[in-house]
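S.K.: With the input below, show me the fold.
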Amino acid sequence: MSDQWLISLAIFVLVALAAHQGQAGLATYLGQRRRTADRLRTLAGEEAGTPAIDLRRRLRGGSSPVSRWLARLVVQSGTTRSPAALFAMAAGLGLVLFLVLPGAAHWSYRLLLALLLGGVAVIASLRIMRHRRIARFGDSLPEILDIITRSLRAGHPLPVSLALVARETTAPAGPEFALLVDEISYGRSVPEALEHLYQRVGYPELRFVVAAVSIGQQTGGNLGEILARLSRTLRERQRLVRKVRALSAEGRFSGIALSILPVALFALINLVSPAYYAEFWASPASGKILAVSLALMVAGNVVILRLVNLKV
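M.R.: Numbers count the residues shown, from 1 in each chain. Down below sits the predicted model:
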């Protein structure tokens, strides 16, 4: 009986491993085909018509500062969802929170709070996406400047060099430069198109590229040499930023640990001994104590964040 059980277990493990390897191979094959198709569309000039770029063309800030800020946040996050879809996601998440979270207040106040939390969650996710997208663009910017420099030294004009960047680089730089080349092709000047690129991406150091190209367009000079020096400067700055982040990693970890530890201990004690905090909850000063504790925790996190978030 035991031998039959071992044989069955071995057959199950072998079938599971075979299925896993087959799925991994199929995923790799389909991924290669998708990347090849994207590459062919880029070479054929179809990249400028993708839904993401069409969305960035349609998005324009409204008259109020809040609408302009939201539009810029959506564009810089790189999401392909429309503002209506994001609003629907926030409303759906708010309704889920309204149904899940209990409360003693009136249902209208709880619904308003749930919708507010849903909107905050969507905005927070967009900010995280924007931060990651800006970081990826910043990491590829020195390589982009090197491509432009080599193309200029080979005798190509600047629009051709920018089109080469759109073909040779991956997202997010490739689609953004494709839209940049599209704007230049339809009659916009190179400095204006680069300024729009900066507004869509939001990477601060891209201002240096805009200024260098604008000055080169107005006064002349060796633009390739200027961009080569700027590329070296950006690489040195990124190396310094990574060194500073490595030196300040202990402080960031301390802030995270000091923030999580009280909450984790509180949840663990309530799980092991639910009656441990019974007298505390019965006290009329429990709400004030919790409010003061949360305020002190937030203040400590802000101080630690300011100490370790060095501007280079």
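
S.K.: can you count the residues close to the closest residue to G119 other than its chain neighbours?
M.R.: Leaving aside its sequence neighbours, G119 sits nearest to A90 (Cβ to Cβ, 6 or more residues apart in numbering; 4.4 Å). Just so you know, the C-beta spots here come from the backbone N, C-alpha and C atoms, and that holds for glycine as well. By the criterion of other Cβ atoms under 10 Å, A90 has 20 neighbours.

S.K.: How about V272?
M.R.: 8.

S.K.: Contact partners for I226?
M.R.: A212, G216 (Cβ atoms under 8 Å, 6 or more residues apart in numbering).

S.K.: Backbone dihedrals for it, please?
M.R.: phi -60, psi -50 (degrees, to the nearest 10).

S.K.: what stretches of this structure score poorly on pLDDT?
M.R.: 1-64, 101-106, 310-312 (pLDDT under 70).

S.K.: Domain ranges for it, per the record?
M.R.: Split into domains by automatic domain parsing, the chain comes to 2-44, 54-134, 135-246, 248-308.

S.K.: ok, and which of those has the densest surroundings?
M.R.: Comparing those on average neighbours per residue, with mean count of other Cβ atoms under 10 Å, the densest one is domain 135-246 at a mean of 17.

S.K.: Regarding R188, what are the backbone dihedral angles?
M.R.: Here R188 shows phi and psi, under degrees, to the nearest 10, equal to phi -80, psi 140.

S.K.: what's the distance between it and N270?
M.R.: As judged by Cβ to Cβ, to the nearest Å, R188 and N270 stand 61 Å apart.

S.K.: Report the distance from stretch 252-267 to the chain centre.
M.R.: 25 Å (Cα atoms, centre = their mean, to the nearest Å).

S.K.: Stretch 88-107 too?
M.R.: 26 Å.

S.K.: which stretches of the stretch 101-250 of the chain form helices?
M.R.: 107-153, 158-168, 173-185, 190-201, 206-219, 223-247, 249-272 (DSSP state H, counting those that start in this stretch).

S.K.: Which residue lies nearest the spatial centre of this protein?
M.R.: With distances taken as Cα atoms, centre = their mean, the residue of the chain nearest its centroid is M129 (2.2 Å).

S.K.: so it makes contact with T79?
M.R.: Yes: contact status for M129 versus T79: in contact at 6.4 Å, counting by Cβ atoms under 8 Å.
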